[in-house]
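Asker: Predicted model and sequence follow; I will ask about them next.
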Amino acid sequence: MKVKLLYTTGKNDLCETIWNKPEPAKDEIEVKAVMTGICSSDVAMYKGTFTTLPMDIQGHEGLGIVSKVGSLVEANMGLKEGDIVATRGEPGFADYYNAKMGTFVKVPKVDPKYILEPVACGINVANAVYNHSEDKEQTIAIIGTGFLARVTHYTLKRAGYKNFYVYGKAYPEYWEKQDVELQNHTGFHLQMPRDIQGFDAFIDYSSKAQYITSNYVNENGIFVMAAEKKVDNLDFSKYLWNNITIKCPSPRDKTFIDSMRYARECIKSGSLKVSDMWEKEYDRDDAKNAFESKANGIDKGRTYIKWTY
């Protein structure tokens, strides 16, 4: 099936081509794109600061309508044409694409709040802390105050964790409602709370390397690499001697689908409100401006592309 596909070559460009999409396999569905979120990694790829992926695996925050169903999917999930699904697969910037079982969940309606992949990423990061230690009294640092940091905080707080130290300036009204006093960081040096030498869990949503090369994690703690960054000349000795775990949560985790299901149920019930996190919609034919606005810092919040047919 020949479909239109958007992609970048990493030179601040957005190209369109005709892509020969394969027919869905028995364990796949075909998805007609309706909305696709623009991830920070998509923007970094566009700017040339992140590895340029092949054009048929660009875009991964999908929401669409099922147009074909493989026999195994139909037998095991009861999914049918016309159902609405959130996907985490590629290429989300194609008019149609295939998604394998384990990479999509059925959602109630077409609404940006059901672009679940980035929400599930925040939940997946929280799970890294939960799976490392269920000690609800442990000290948890979150570097960043945006979309993903909010979801991670929500998930951990809902699980019973209490001691959060959040660094950043974005969305102060949200953090005030959570009774979280935002901490300062100057020149990537953290202002440490009184009587705390380090943190049991350190969640780094920044793109910089300074934190992992510093000494902010306690013995037997965990450093969660929650955003892409390049780290040169890292001495792992302190992590070895202090038994510190380094975790890089990814949608490639086989359990990520569970995070997508959890995201769906939290959003559906209203306990997790993400509608205000999706701040701007761009038409598919205006996708170039969407990338430009993100790359130049005009759009600070989450944005997505909407397909109209």
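Answerer: Looks like it arrived, so ask away. The structure displayed is predicted, hence computed values, not measured ones.
Asker: switch to C-alpha atoms for all contacts and neighbour counts from now on
Answerer: Noted.
Asker: Only the buried residues of the longest helix along the chain, if you could.
Answerer: Using DSSP state H to assign secondary structure, the helix with the most residues in the chain is helix 116-132. Applying a neighbour-count criterion of 16 or more other C-alpha atoms under 10 Å, one finds 116-130 buried in helix 116-132.
Asker: Output the lowest mean pLDDT helix or strand found in the protein.
Answerer: Taking all helices and strands of the chain together, the one with the lowest average confidence (mean pLDDT, DSSP states H and E) is strand 185-186, at a mean of 78.
Asker: what residues does that strand touch?
Answerer: Strand 185-186 is contacted from outside by 167-168, 191, using C-alpha atoms under 8 Å, 6 or more residues apart in numbering.
Asker: same question, stretch 45-61
Answerer: Contacting residues not belonging to stretch 45-61 are listed as 5-14, 36-39, 41-42, 44, 86-93, 115-118, 291, 295 [C-alpha under 8 Å, 6+ apart].
Asker: Please apply the same query to stretch 302-309.
Answerer: Contacts of stretch 302-309 from elsewhere in the structure, counted by C-alpha under 8 Å, 6+ apart, are 33-39, 95, 112, 147, 277-284, 287, 290.
Asker: Just the buried residues out of these, in PyMOL syntax.
Answerer: One line in PyMOL is enough to select the buried ones among these; burial here means 16+ other C-alpha under 10 Å:
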select buried, resi 33+34+35+36+37+38+39+95+112+147+277+278+281+282+284+287+290
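Asker: Can you tell me which of the contacts of stretch 302-309 end up in helices?
Answerer: Judged by DSSP H, the subset of these located in helices is 147, 287, 290.
Asker: Relative to residue 161, which of these is nearest.
Answerer: residue 147 (19.1 Å; C-alpha to C-alpha).
Asker: contacting residues around the closest residue to that closest one other than its chain neighbours?
Answerer: Taking C-alpha to C-alpha, 6 or more residues apart in numbering as the measure, residue 147 lies nearest to residue 277, with 6.3 Å between them; neighbours along the chain are not counted. With contact taken as C-alpha under 8 Å, 6+ apart, residue 277 is in contact with 147, 301-302.
Asker: pLDDT value on residue 277, please?
Answerer: Predicted confidence (pLDDT) at residue 277: the value is 81.
Asker: From residue 51, how far off is it?
Answerer: 27 Å (C-alpha to C-alpha, to the nearest Å).
Asker: for residue 21, same thing?
Answerer: Between residue 21 and residue 51 the distance is 23 Å, computed by C-alpha to C-alpha.
Asker: out of those two, which sits in the more crowded spot?
Answerer: Looking at residue 21 and residue 51 with other C-alpha atoms under 10 Å, you find the greater number of neighbours at residue 21, namely 19 against 13.
Asker: which ones are touching the more buried one?
Answerer: With contacts defined as C-alpha under 8 Å, 6+ apart, the neighbours of residue 21 are 1-3, 96-97.
Asker: Repeat the analysis, applying 7 Å as the threshold.
Answerer: Residues in contact with residue 21 (C-alpha atoms under 7 Å, 6 or more residues apart in numbering) are 1-3, 97.
Asker: Mind giving me the PyMOL command for buried ones among those?
Answerer: Taking 16+ other C-alpha under 10 Å as the burial criterion, the selection of buried members of those in PyMOL is written as:
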select buried, resi 97
